[in-house]
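Visitor: sequence below, structure please.
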Amino acid sequence: MMETTRAQRPKGAEVSGRRPEAAPGKLGVDGTALTKRVGLILPQTMPYSSWERLGKQIALITDSSTWWLGDWINYGERVYPDRYQRAVAGTSLNCQTLRNYAWVARRFPMNRRRDRLSFQHHAELASLPPEEQDEWLDLAERNRWSRNQLRRQLRNRSVGARVRPAETSVTLHIDQTREERWQQAAGESRRNLHDWMTMVLDQMADLLLLPERRASKLALPAGDGMIVLTPAVSDEAAPVAAGEVLVLSGGERPAS
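Guide: Next comes the predicted model:
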């Protein structure tokens, strides 16, 4: 039998003992680990450096998957408006969770996303105007803030040497039942009542008064997720008059 020489092998048929490296920009896990639908199989002995690197790879894939799902939903809404909800129902994820991912993905076009910051960093800033988003992303990246550190900085609302505007006092008289409901809602978003009321009122004022936001969605933090409010009009591009009723995303019940 004639032996096939190196020169006679078809192009691309080289045999190598090395595992081909992943293409730049693509995610994967170390070849020493076997990934399965319900678990991760590791070798009996594994150097600490390899185990540590594997954890970082898994964390990166987990964070990236939120962007992937958000972009997937937005593509489906745009290309398959009459069928995408059926595909969403076929996933194992909560529909509201997917809507939250999609909303954040829409707020940050691909060229404005920071790969050194997590999806949750971006979610914390999603309700801000683009120029403020970029400013906070710069600070978070430069100072290596965690998501929680960024959240604390946002609460303080102090960026560099900015001078805080003069403050005034507002007295609000409410009944005990309403106060308890508001306190509960503030707790769900991990804020005190004052910060929660300020946030909600600021976002509502922007939605009603700023032309560029009148057709946009309003997201209110609720625990680790968000409640998305949308203008009650069929065409999202149409302006919304002040006082227009807002409904919970999905249109199930009106929000007061």
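
Visitor: only C-alpha atoms for contact and neighbour calcs from this point on.
Guide: Fine.

Visitor: in this structure, which spans are strands?
Guide: Using DSSP state E, the strands assigned to the chain run over residues 34-36, 39-41, 218-222, 225-231, 246-248, 254-255.

Visitor: enumerate every residue touching the closest residue to residue 103 other than its chain neighbours.
Guide: Nearest in space to residue 103, with sequence neighbours left out and distances taken as Cα to Cα, 6 or more residues apart in numbering, is residue 70 at 7.2 Å. With contacts defined as Cα atoms under 8 Å, 6 or more residues apart in numbering, residue 70 is in contact with 98-106.

Visitor: which stretch in the strands of the chain has the least confidence?
Guide: Between those, the one with the least mean pLDDT is strand 246-248; it has a mean of 37.

Visitor: how does the protein divide into domains?
Guide: In terms of domains, the chain is parsed into 30-107, 115-157, 192-256 (source: automatic domain parsing).

Visitor: circling back: TSV for the contacts of residue 70, including pLDDT?
Guide: As requested, those are arranged in TSV below (pLDDT from 0 to 100):
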residue	pLDDT
98	88
99	87
100	90
101	91
102	92
103	92
104	94
105	94
106	94
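
Visitor: for PyMOL, what selects the buried ones among the residues you listed?
Guide: Listed next is the PyMOL selection for buried residues among these, using 16 or more other Cα atoms under 10 Å:
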select buried, resi 98+99+100+101+102+103+104+105
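
Visitor: mind putting the contacts of residue 70 into JSON lines with distance to residue 133?
Guide: Putting the contacts of residue 70 into JSON lines (distance: Cα to Cα, whole Å) gives the following:
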{"residue": "98", "distance to residue 133": "22"}
{"residue": "99", "distance to residue 133": "20"}
{"residue": "100", "distance to residue 133": "17"}
{"residue": "101", "distance to residue 133": "17"}
{"residue": "102", "distance to residue 133": "17"}
{"residue": "103", "distance to residue 133": "15"}
{"residue": "104", "distance to residue 133": "12"}
{"residue": "105", "distance to residue 133": "13"}
{"residue": "106", "distance to residue 133": "13"}
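
Visitor: list the buried residues for stretch 106-124?
Guide: 107-108, 113-114, 117-124.

Visitor: how about low-confidence regions in the stretch 1-150 of the chain?
Guide: Across the stretch 1-150 of the chain, the ranges flagged by pLDDT under 70 are 1-26.

Visitor: mind doing that once more with 90?
Guide: Counting by pLDDT under 90, the stretch 1-150 of the chain shows low-confidence ranges at 1-47, 50, 53-54, 56-64, 77, 81-99, 115, 127.

Visitor: can you give me the helices in it?
Guide: Taking DSSP state H, counting those that start in this stretch as the test, the helices found in the stretch 1-150 of the chain are 48-79, 84-89, 95-107, 119-125, 130-143, 147-156.

Visitor: what's the spacing between residue 72 and residue 88?
Guide: 10 Å (Cα to Cα, to the nearest Å).

Visitor: for residue 118, list the residues it contacts.
Guide: Shown in contact with residue 118 (Cα under 8 Å, 6+ apart): 63, 147.

Visitor: actually residue 147, not the one I typed
Guide: By Cα under 8 Å, 6+ apart, the residues touching residue 147 are 118, 120-121, 124.

Visitor: make it 10 Å
Guide: For residue 147, the contact set (Cα atoms under 10 Å, 6 or more residues apart in numbering) comprises 117-124, 140, 153.

Visitor: return the member of those nearest to residue 178.
Guide: Taking Cα to Cα as the measure, residue 178 lies nearest residue 124 of the contacts of residue 147, at 26.7 Å.

Visitor: ok, and the closest non-adjacent residue to that closest one?
Guide: residue 151 (6.8 Å).

Visitor: residues near the one you found, how many?
Guide: Using other Cα atoms under 10 Å, residue 151 is surrounded by 15 other residues.

Visitor: what's near enough to touch it?
Guide: With contact taken as Cα under 10 Å, 6+ apart, residue 151 is in contact with 121, 124-125, 145, 157.
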